[in-house]
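Engineer: sequence and predicted model, in that order:
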Number of protein chains: 2
Amino acid sequence: MTTRMRTEIAEQPAALRATLDALLPRTGEIRALAERTRQLLFIARGTSDNAAVYGRYLVESHAGRLAALAAPSIATTYKRKIDLNGVLAVAISQSGRTEEIVETLVWAKDCGAATVGVTNGGPDSPLAQAADLALCTEAGVEKAVPATKTYTTQLAALAVLALGLGADVDADDLAKVPDAVDKLIADPGDLETVVEGLADKPGVVVSGRGMAFSTALETALKLKEACYLHAMGLSYADLLHGPIAVVDAETPALLVAAENSPTLPGTVALAERVVGAGAAAYTIGGGTALASAGTAALNGPDLPEWVAPMGLIVPGQLLTEALARRLGIDPDAPRGLNKVTQTD
Amino acid sequence: MTTRMRTEIAEQPAALRATLDALLPRTGEIRALAERTRQLLFIARGTSDNAAVYGRYLVESHAGRLAALAAPSIATTYKRKIDLNGVLAVAISQSGRTEEIVETLVWAKDCGAATVGVTNGGPDSPLAQAADLALCTEAGVEKAVPATKTYTTQLAALAVLALGLGADVDADDLAKVPDAVDKLIADPGDLETVVEGLADKPGVVVSGRGMAFSTALETALKLKEACYLHAMGLSYADLLHGPIAVVDAETPALLVAAENSPTLPGTVALAERVVGAGAAAYTIGGGTALASAGTAALNGPDLPEWVAPMGLIVPGQLLTEALARRLGIDPDAPRGLNKVTQTD
């Protein structure tokens, strides 16, 4: 039986095409709204928060603007106003119905921010309605609890946002993404070895840096929610500042990098360190350099770094789905989770 | 034998007194430097990053300024300039010698930020030298690898920073902190039950929100670096957005809240949920409400919320030291770590 999650992973190329077709014509609106702002503040939770991490690095490294992640409790629990003049607040919610996120976006507007909503919930969703500008992703209905196509289309929406902010990138790169994702679904690399390697382990360290940090966080979240693994997503610098002590011969690492990234040498060095400690280092992307430093390799996309995260997550999604089944878990409906999470 | 870590935990009241004596007279300098700025950007790694999380919530909830955590790789790996006019950049490094942090502070200054260095490395350390204003903590020499007194004195420095930024708090509360810490060291609560409860577990979820989020992150980091536990530090909202699936009858939770915090009701509800799932919920602070919802309780300080994190971390430090010894690990020198971590 094919799981719903596996089907939705395979729907990503079409979902990405539809989202890019819908949003690329809207860079002018983004530019106009952003005109009176100098920086960004992302508002998100869970998978959407990992998308925000991509948006943050993309905007800082290519559009020269400071971009931060909001602490929603300041708005919802402490109910404190802060000065957000000159800020473009970007709230991201798959459903567009998570009250905490909508409430924090409304708070941001009250604090002086211009607001964007990124959602798959459609233009009538509370988030789209509350935002000055709604960027609706076209992922279609997603039924499996672990988000896949709603995540990659969020990344696509944030890539379009960066274009609207004048990022120094080639917009034509976006058109290459759906085919690159298709190719990874057809050939993700040595998935079986990695599934077997993680099947009897309580935990795994997932690490990536810069533009690939979002992929590390999202891969770790998938493994937590659908495989119940103690998966820690960390930048490799943060890993070296303490958590590296957790890595021993029993704790595998999953290391991710884009092939053409300035973060690649550090990721290769980390793979060598993990292997040197007697543990398994499974790699995602990073070309031959990273693959040959590790124990088994999952493929990355043949894409420029700024759009690579839309492909780099795909082997992690396939790994999660396959590992969940291997562990006797239904990946479509892990324990403790609903499709829309309400937090306050 | 008393470990060095245990000795340094006990030195915190004196270290806090010395730090407050040194820094409280300097709020005027902070005010003057901050005058042309509207928001904060913290630059830190590891334990210092957890201190920055405290600073971030403190400044946002009590000084009405946006405060974010920097992504150092933008400066050091991507080498990209971003617009930091109007930003007060605050770099935090125990040693004052972590090159990545010094380099990122210099980058921030080049990008237009006013700069503060918080360090225990003294006025001659590279970080203090690079900053417009150096706030030197007076923790004395710290030899155990897991930072304790350098962390709590960083929190004290950030509390003073918030006063300089005009936070709507009572400065006199700070004088109560050293005695409250002393009291927790003398009576941390039911430490033995928690040590035994964690001794045979591969992982633990550590959760707190708002002002206590820093404590959750720092407690998790301590347990990772000195006990090799897969300890996930999460805000309780983030926990509900996915990682809650990891919590089962085998995975204990460590839940932290200040007694008089608006985050307390949510933390109590989470303790009830964890216990309802058949797992152990160990609590830190949160008064009778949280203690009675959990399995075993560690004490919190009798302090107002804004200064409570300087006490809330203490039971977690004592737990880490005792659990490491229980597991046959020397907490003073865990594997894989040095006192000064260099990352690039």
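Structural biologist: Yep, it's here.
Engineer: for A:L298, which non-adjacent residue is spatially closest?
Structural biologist: Among residues not flanking A:L298 along the chain, A:P315 sits closest, at 3.7 Å (C-beta to C-beta, 6 or more residues apart in numbering or on different chains). C-beta here means a position set from N, CA and C on the backbone, and glycine is covered the same way.
Engineer: which secondary element of chain A has the worst mean pLDDT?
Structural biologist: helix A:236-240 (a mean of 73; mean pLDDT, DSSP states H and E).
Engineer: count the neighbours of the residue lying closest to A:R209 once chain neighbours are set aside for me.
Structural biologist: Of all residues not flanking A:R209 in the chain, A:T263 sits nearest, at 4.2 Å (C-beta to C-beta, 6+ apart). A:T263 is flanked by 24 other residues according to other C-beta atoms under 10 Å in any protein chain shown.
Engineer: other SSEs contacting the least confident helix or strand of chain A?
Structural biologist: If contacts are counted by 3 or more C-beta pairs under 8 Å, 6 or more residues apart in numbering or on different chains; DSSP states H and E, helix A:236-240 sits against strand A:203-207, helix A:264-276.
Engineer: who wins for proximity to A:L174 among the ones you listed?
Structural biologist: helix A:264-276 (22.1 Å; C-beta to C-beta).
Engineer: quick one: the closest residue to A:I30 other than its chain neighbours from A:F42, how far?
Structural biologist: Nearest non-adjacent residue to A:I30, counting by C-beta to C-beta, 6+ apart: A:G164, 2.6 Å away. Distance from A:G164 to A:F42, counting by C-beta to C-beta, to the nearest Å: 15 Å.
Engineer: tell me the domain ranges of chain A?
Structural biologist: A:4-169, A:182-326 (automatic domain parsing).
Engineer: between the ones you listed, which gets the lowest average pLDDT?
Structural biologist: Mean pLDDT is lowest for domain A:182-326 out of the domains of chain A, coming in at a mean of 92.
Engineer: ends of that domain, what's the gap?
Structural biologist: From its first residue to its last, domain A:182-326 covers 24 Å (C-alpha to C-alpha, to the nearest Å).
Engineer: for that domain, what is the distance to the chain centroid?
Structural biologist: Distance of domain A:182-326 from its chain centroid, counting by C-alpha atoms, centre = their mean, to the nearest Å, is 13 Å.
Engineer: same question, stretch A:161-179
Structural biologist: Worked out by C-alpha atoms, centre = their mean, stretch A:161-179 lies 17 Å from the chain centre.
Engineer: would you indicate which residues of that stretch are buried?
Structural biologist: Using 16 or more other C-beta atoms under 10 Å in any protein chain shown as the test for burial, stretch A:161-179 gives A:161-165, A:167, A:169, A:173-174, A:176-179.
Engineer: contact residues of the stretch 101-250 of chain A facing chain B?
Structural biologist: A:202-203, A:209-210, A:213, A:221, A:224-226, A:228-230, A:232, A:235-238, A:240-248 (C-beta under 8 Å from any C-beta of the partner chain).
Engineer: buried only: go through the residues you listed for me.
Structural biologist: So, by 16+ other C-beta under 10 Å, the buried ones in those are A:202-203, A:209-210, A:213, A:221, A:224-226, A:228-230, A:232, A:235-238, A:240-247.
Engineer: isn't A:R80 up against B:L66?
Structural biologist: No. Contact criterion C-beta atoms under 8 Å: A:R80 and B:L66 do not qualify, at 11.3 Å.
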